[in-house]
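Trainee: Predicted model and sequence below, questions to follow.
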Amino acid sequence: MSQIEVSQVTGRKERDQFIKFPWRIYRNDPAWVPPLIIERKAFLDRKRHPFYQHGDAALFLARRNGEIVGRIMASDDPNYNALHQSNVGCFGLFESIDDVDVASALFKSAADWLRSRGRSEIMGPIDYSTNYVCGLLIDGFQHPPTLLTAHNPRYYARLIEGYGFEKEKDWYAWWFDPQNAPVSRLRRLVEARARKTPVKIRSIDLRHLTDDSRRLSAVFNEAWKNNWGFVPMTEAEAEDMAKEMRPVIDPRMTLIAEIASAPVAFVICVPDINVALRHVNGRLTRFGLPIGLVKLLWHRRKIRTARFVALGVLEKYRRAGIAEMLVLQVMEEGASRGFSGELSMTLEDNTMINRFVEAVGATKYKTYRIYRRLVG
């Protein structure tokens, strides 16, 4: 058997090879959505990405007979370990041909890098932290990924489990059609509770996006602090994510709830730009012309699906009907424009939110899994 060589990415050429390798894996997968290459370069830029202000990561490529056959990222987030009193690192951006030896060599390289930093466990797939794309798709492969969610071949679970990883936690994605939702029942509930809560709901202000992103992240960090896998979003990460999301934010569906001018809850729902991205094959320009950009803008006009990204409510107000108010407003806006879409991701053991999602008419249609094992 030919030898598998794994090397750490050190230069621009290898980084570009790392970014473009998925085109080989998914060339026959009609559900895959090619990422924008320019966005992937920014995501992996150590000088630019705010994760590197507090954490570290390394990229690895696997080759056989000189041909690239796999890739992986190992990441170390001290903020996560300090919060959870743990000693764990992550693997992410995993792609491999269907070969257990290739996958094992990649996992070993990631584990060795984490061990060299004193970590004793590894979990994933997680790209940097749970504030970014995470989870291995294990159910719902026929459906294209929505914005900021993962997609992968079926055989990845076998490769991961073949290296000794075991399930840590599952996440769910739900499909929702506002036209079939029990809107009238939810509206009655909201109207009954609204009289008791002096809450003001407003759209996110794109003119003051930095300020509002800080408000959102403050609520997020407080509201989600008891969730599995939570790690606080730093101010730099919140500002960077707001900047990245600005082109797709629809103020009518990204809302902030305030009491006495203080934020107490939020909802983020955005048009699914992946519907348009799948037509540009990762490039906004070709031959020096903005061909991909023109395609992107053309198909963007036709988007009628959205991703319900996040809902956060401070614990003090979770029985005040504020979550229902936010969801109702998004549902009514989506219905008026003919939208359907995905609500994701919810933890498998978050019974309260999963029951609520089912109650508003959503159907579970995808499952994602996080794996964990010792690095030894």
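Mentor: Done, it's in.

Trainee: Could you use CA atoms for every contact and neighbour count after this?
Mentor: OK.

Trainee: Residue 55 - nearest residue in space that isn't next to it in sequence?
Mentor: Leaving aside its sequence neighbours, residue 55 sits nearest to residue 77 (C-alpha to C-alpha, 6 or more residues apart in numbering; 4.7 Å).

Trainee: what's the spacing between the one you found and residue 70?
Mentor: Applying C-alpha to C-alpha, to the nearest Å, the value for residue 77 to residue 70 is 24 Å.

Trainee: Please apply the same query to residue 334.
Mentor: 40 Å.

Trainee: Tell me which of those two has more neighbours.
Mentor: residue 70 (26 against 23; other C-alpha atoms under 10 Å).

Trainee: from what I can see that one touches residue 99, true?
Mentor: No: counting by C-alpha atoms under 8 Å, residue 70 stays clear of residue 99, with 9.5 Å between them.

Trainee: Tell me the first helix or strand C-terminal of the helix or strand encompassing residue 345.
Mentor: Using DSSP states H and E, residue 345 sits within strand 340-347. Downstream of strand 340-347, the first helix or strand assigned by DSSP H and E is helix 351-359.

Trainee: list the buried ones in that next one?
Mentor: For helix 351-359, the neighbour count (16 or more other C-alpha atoms under 10 Å) marks 354, 357 as buried.

Trainee: I'd like the next helix or strand past it.
Mentor: From helix 351-359 onward toward the C-terminus, using DSSP H and E, the following helix or strand is strand 363-374.

Trainee: Dump that next one to CSV, keeping only the CA atoms.
Mentor: Taking C-alpha atoms only, strand 363-374 is exported to CSV below (Å, rounded to 0.1, in the frame of the first residue of the first chain):
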residue,chain,number,x,y,z
THR,A,363,-40.7,19.2,11.1
LYS,A,364,-37.3,17.8,12.0
TYR,A,365,-35.5,17.0,8.8
LYS,A,366,-31.8,16.9,9.5
THR,A,367,-29.6,15.6,12.4
TYR,A,368,-26.0,16.7,13.1
ARG,A,369,-23.6,15.0,15.4
ILE,A,370,-20.6,16.0,17.5
TYR,A,371,-18.0,13.3,18.3
ARG,A,372,-15.4,13.0,21.1
ARG,A,373,-12.5,10.9,22.1
LEU,A,374,-9.2,11.0,24.0
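
Trainee: strand partners of that strand, parallel vs antiparallel please.
Mentor: Take DSSP bridges as the rule and strand 363-374 pairs in its sheet with strand 121-124 (antiparallel), strand 136-139 (antiparallel), strand 166-176 (antiparallel).

Trainee: Count residues in the vicinity of residue 321, would you?
Mentor: Neighbourhood size, residue 321 [other C-alpha under 10 Å]: 18.

Trainee: That one contacts residue 190, correct?
Mentor: Yes: using C-alpha under 8 Å, residue 321 is in contact with residue 190, at 6.2 Å.

Trainee: Which parts of this structure are strands?
Mentor: 4-8, 56-64, 67-76, 88-96, 121-124, 136-139, 166-176, 200-203, 254-259, 262-271, 305-313, 340-347, 363-374 (DSSP state E).

Trainee: Dump those strands into TSV; add mean pLDDT as well.
Mentor: Shown next, in TSV, are those (pLDDT from 0 to 100):
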stretch	mean pLDDT
strand 4-8	97
strand 56-64	98
strand 67-76	98
strand 88-96	98
strand 121-124	98
strand 136-139	98
strand 166-176	97
strand 200-203	94
strand 254-259	95
strand 262-271	94
strand 305-313	93
strand 340-347	93
strand 363-374	97
